[in-house]
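> Next come a sequence and a model predicted from it.
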Amino acid sequence: MQISTQETELKHYQQILLRNPKDINAQIHCGNLCAELGRFEEAAGYFRRLLRVFKTNQDVRNALCFALQSLGNEAHTKHRFMMAEACFQEALQYQPNNAAYWYNLGNAQRELGRPKEALKSFLASVKIAPDDADTLNNLGNVYRELGQLDQAILSYKQALQINPDLHHALAHLVHQQQHICDWQDLEHNIEMVRNIVRTIPSARISPFAFLSMPGTTSEEQKICANHWVKNQYASLVSLSEELNFQHQTECRNKNQKIKIGYISADFRLHPLAFLITELIELHDRNQFEVIAFSFGIDDKTSARIRLEKAFDAFYDIRFLTDVEAANKIHACGIDILVDLTGFTQTSRSGIAALKAAPINVNWLGFPGSMGLVPASANHQEQSLARPLFDYLISDDFITPPATAKYYAETLISLPNCYQPNDRHRPVGKKPSREACGLPEGAFVFCCFNQSFKITPAIFTVWMHILKVQTDSVLWLLECNVWAKQNLNAEAAKHDIQPHRIIFAPRVSIADHLARHVHADLFLDTLPYNAHTTCSDALWMGVPVLTCTGTTFASRVAGSLLNACNLPELITDNLSVYEEKALELAKNKETLSHLKQKLLANKATAALFDTTLFAHNLENSYIRMHNRRLRECIK
């Protein structure tokens with residue numbers, strides 16, 4: 001075989017170098033042969049030594065850069081982003097005008113969580129190659145992460161002008177236009193994305209962006225997730241076969257605990273902490289060992305410190321590659337790995353593809369299916385696929401049994417509700433109405449959902465409500481300056497004056513909870529409901545009026561309301577939703593009764609019974625674990 005001949009030649013020249021390390025001809029042959037064999041790190045070493053002798057030789061420089069580029073690309077594929085960064089930085093020392101090197105450097109820096117540095121790299125690449133659509137798309141991504149949404153949108157548009165078939169750029173464009181509430185051509189663009197998902201499996205459409213788009217169905221969302229997993233995680237699926245982690249198959253003795261691993265980017269001052277922290281504290285340590293794997297920042301807050309204390313062990317895996325993280329998870333003997341982040345911006349769900357734990361669970365972070373992966377790199381047929389996550393934790397309201405076909409995972413339906421809550425979440429000092437910018441005597445409708453959840457349809461309903469209820473205002477979260485401008489412009493089209501829409505600035509979570517006291521009724525969004533923001537409002541005694549759809553994300557608020565014994569606030573179409581909002585605004589006695597009922601139920605409602613929730617969740621974990629052991633015996 002050719003490779004064995006090359007390896008024989010390489011050994012021959014390496015023997016020459018052992019006798020005479022300064023033999024230039026042998027060094028050249030060794031470098032070239034290593035490159036041909038795909039041993040790029042060794043090749044780079046030989047070419048570096050040659051460059052010390054031939055400092056200005058362009059051929060040697062080019063050979064070194066080839067090896068570094070190949071090594072950098074290989075490292076990136078294996079999620080070894082620090083090595084990839086180092087390779088392209090070194091290559092740029094010799095070829096500073098190479099746009100591809102700047103592009104690849106930016107990609108590595110972005111993966112390392114350094115968007116400011118990535119921005120500089122992408123800008124350098126664009127300056128050299130202004131017509132590269134992929135670079136413009138990735139430039140848009142880092143602008144988005146830096147909060148410069150106007151520049152992100154401009155970059156995506158430029159990318160699409162150059163390459164109209166850059167499908168993921170279109171999905172990014174739509175999602176960022178949703179964030180700034182720019183609804184021009186929105187419906188048309190969403191239909192284009194939906195068609196792409198249905199007809200082009202190779203398109204890399206973000207599942208999170210897709211499920212946020214009005215009109216997408218549960219079936220389409222599953223298809224989108226399937227395509228995403230196949231396109232993004234193919235290399236990790238192959239790696240999982242090489243790693244071939246072995247898991248315990250025999251029954252444990254009665255003193256051996258089930259090990260639960262929770263993996264997330266958000267073990268910090270984040271809404272997730274106000275859902276799970278008390279749950280983690282309440283886990284039955286006689287039956288379970290609970291371990292955290294954190295790949296997000298350590299913000300040094302009291303929320304982070306409390307979480308670190310809540311777990312039996314807490315590992316920071318930010319700087320580990322996916323393979324290294326998987327090895328760590330496997331070394332800990334995790335029985336059930338629970339992904340609390342999912343396909344959101346900071347996702348590292350590819351770790352699940354490596355099967356470091358025998359059971360993978362999707363919960364809380366991503367409101368939908370996370371798709372299928374091929375069972376083997378040699379078998380691409382859908383019938384031989386397996387779910388990326390074995391289970392999706394939900395409840396019967398969010399995912400009725402008839403909807404199971406829209407989820408790759410096996411559905412685990414918890415009693416009452418799928419969402420836990422922390423009864424010890426901090427609440428700040430109550431602000432004055434004036435400090436919140438709210439007029440005295442006005443009825444306050446509020447919605448503290450992120451701006452991308454506000455659709456033209458729901459905003460039109462809100463404007464109708466304000467027009468009829470003339471003494472009312474709408475209190476929204478100020479997500480970004482462009483959304484504020486665009487919503488005010490949309491309101492003007494409905495003859496609603498700017499002073500009737502009040503924007504709440506971003507404050508600490510404790511202070512945000514405290515200002516709820518001035519809200520009369522929370523108006524939910526469709527098709528992406530309030531999730532944590534709904535439970536926040538209910539915890540603070542604010543009734544939430546929701547409208548349900550057919551997707552996971554559109555049914556969460558209804559589940560929370562049922563768990564608070566407030567089914568009367570669940571509607572299933574926007575006409576009834578509008579009528580109910582006006583009825584409650586006009587009938588203060590009915591609204592007061594609802595608030596009293598909510599406060600009275602707070603001590604006993606299933607939504608806030610974290611002890612009961614922990615018990616129900618643990619029963620589900622035990623069933624998952626025992627089911628796997630039974631399958632192993634078969």
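Arrived safely, thanks for sending.
> List the contacts of the helix or strand of the chain with the lowest mean pLDDT.
Between all helices and strands in the chain, the lowest mean by mean pLDDT, DSSP states H and E belongs to helix 2-19, at a mean of 81. By Cβ atoms under 8 Å, 6 or more residues apart in numbering, the surrounding residues in contact with helix 2-19 are 23, 26, 27, 29, 30, 33, 34, 36, 37. All C-beta atoms are positioned from the backbone trio N, CA, C, and that covers glycine.
> Leaving out sequence neighbours, find the closest residue to the fourth one.
Of all residues not flanking residue 29 in the chain, residue 13 sits nearest, at 4.4 Å (Cβ to Cβ, 6 or more residues apart in numbering).
> ok so, going back, most surrounded residue in the contacts of helix 2-19?
The most crowded member of the contacts of helix 2-19 is residue 30, carrying 27 neighbours; neighbours defined as other Cβ atoms under 10 Å.
> what's the next secondary structure element after the one helix or strand it maps to?
Using DSSP states H and E, residue 30 sits within helix 24-36. Next in sequence after helix 24-36, counting helices and strands by DSSP H and E, comes helix 40-53.
> mean confidence score for that following helix?
Helix 40-53 shows a mean pLDDT of 94.
> and it with helix 2-19, angle?
Compare the direction of helix 40-53 with that of helix 2-19 by axes from the mean of the first three to the mean of the last three Cα atoms, to 10 degrees and you get 40 degrees.
> So what's the gap between helix 40-53 and the chain middle?
Computed by Cα atoms, centre = their mean, to the nearest Å, the separation of helix 40-53 from the middle of its chain amounts to 40 Å.
> Next: stretch 498-514.
25 Å.
> Now do that stretch: distance from first to last residue.
25 Å (Cα to Cα, to the nearest Å).
> which residues sit against that stretch?
269, 271, 274, 425-431, 436-439, 448, 466, 472-478, 484, 487-488, 491-492, 515, 536, 539-540.
> try it again with 7 Å
269, 274, 425-431, 436-438, 448, 466, 473-478, 484, 487-488, 491, 515, 536, 540 (Cβ atoms under 7 Å, 6 or more residues apart in numbering).
> I'd like to know which of those are part of strands.
473, 474, 475, 476, 477 (DSSP state E).
> filter those residues to the buried ones?
Neighbour counting with 16 or more other Cβ atoms under 10 Å marks 473, 474, 475, 476, 477 as buried within the ones in strands among the contacts of stretch 498-514.
> show me the contacts for the residue nearest to the last one when sequence neighbours are not counted.
Meaning residue 477. Nearest non-adjacent residue to residue 477, counting by Cβ to Cβ, 6+ apart: residue 448, 4.6 Å away. Counting by Cβ under 7 Å, 6+ apart, residue 448 touches 477, 504, 533.
> the inter-axis angle of the helix or strand where the last one lies versus strand 472-477?
The one in question is residue 533. Assigned by DSSP H and E, residue 533 belongs to helix 532-539. Put simply, helix 532-539 runs at 130 degrees to strand 472-477, going by the same axes, to 10 degrees.
> buried sites along helix 532-539?
For helix 532-539, burial by neighbour count (16+ other Cβ under 10 Å) applies to 532, 533, 534, 535, 536, 537, 538, 539.
> so who does residue 444 touch?
438, 473, 475, 518, 519, 520.
> from those residues, which is closest to residue 611?
Checking the contacts of residue 444 against residue 611 by Cβ to Cβ gives residue 519 as the nearest, at 28.7 Å.
> Relative to residue 444, how far out is that closest one?
Residue 519 sits 5 Å away from residue 444, taking Cβ to Cβ, to the nearest Å as the criterion.
> Could you tell me which residues touch both of those two?
Contact criterion Cβ under 7 Å, 6+ apart; residues shared by residue 519 and residue 444: residue 475.
> Pull the number of nearby residues for the residue nearest to residue 286 when sequence neighbours are not counted.
Spatial nearest neighbour of residue 286, chain neighbours left out: residue 257 (7.7 Å); criterion: Cβ to Cβ, 6+ apart. As a burial measure, residue 257 scores 16 neighbours (other Cβ under 10 Å).
> Verify the contact between residue 257 and residue 287 for me.
Yes - if you go by Cβ atoms under 7 Å, residue 257 and residue 287 touch, sitting 6.1 Å apart.
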